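[1] coords below, sequence missing:
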């Protein structure tokens with residue numbers, strides 16, 4: 001969907017659970033601006049760093 005709408009802004013995604021490693025791999029290989037995070041705190045820190 002992100003490719004279809006032409007998403008240009010970075011997207012921070014909190015991933016947790018059984019297949020978290022697979023999810024991170026898929027996002028890394030997608031070629032999109034997705035940044036995985038393991039917790040809400042980590043996600044917030046990534047958002048702040050991306051805004052700077």
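    Looks like it came in fine. Since the structure is predicted, the reported quantities are computational estimates derived from the model, not experimental observations. Numbering: from 1, shown residues only.
[2] How is residue 26 assigned, secondary-structure-wise?
    Classification of residue 26 by DSSP: H, G, I helix; E, B strand; the rest coil places it in helix.
[3] can you count the residues close to it?
    13 (other Cβ atoms under 10 Å). C-beta coordinates here come from the backbone N, C-alpha and C atoms, glycine included.
[4] Mind telling me what element the most centrally placed residue in the chain is part of?
    Centrality entry for the chain: nearest residue to the mean C-alpha point is residue 35, 2.8 Å, by Cα atoms, centre = their mean. Using DSSP states H and E, residue 35 falls within strand 34-37.
[5] Parallel or antiparallel, list what pairs with that strand.
    Sheet pairing of strand 34-37 (DSSP bridges) gives strand 11-14 (parallel).
[6] coming back round to it: need the next SSE after the strand holding residue 35, C-terminal direction.
    Immediately after strand 34-37, counting by DSSP H and E, sits helix 40-51.
[7] Averaging pLDDT per element, find the lowest-scoring helix or strand in the chain.
    Here the helix or strand of the chain ranked lowest by mean pLDDT, DSSP states H and E is helix 2-5, holding a mean of 70.
[8] Return the distance of that one from the chain's centre.
    15 Å (Cα atoms, centre = their mean, to the nearest Å).
[9] what does stretch 31-48 give?
    Using Cα atoms, centre = their mean, the offset of stretch 31-48 from its chain centre is 5 Å.
[10] Name the residues of that stretch that come out as buried.
    Using 16 or more other Cβ atoms under 10 Å as the test for burial, stretch 31-48 gives 34-37, 43, 46.
[11] Touching the strand holding residue 35 from outside, list them.
    By Cβ atoms under 8 Å, 6 or more residues apart in numbering, the residues outside strand 34-37 that reach it are 2, 10-15, 23-24, 27-28, 43, 45-46, 50.
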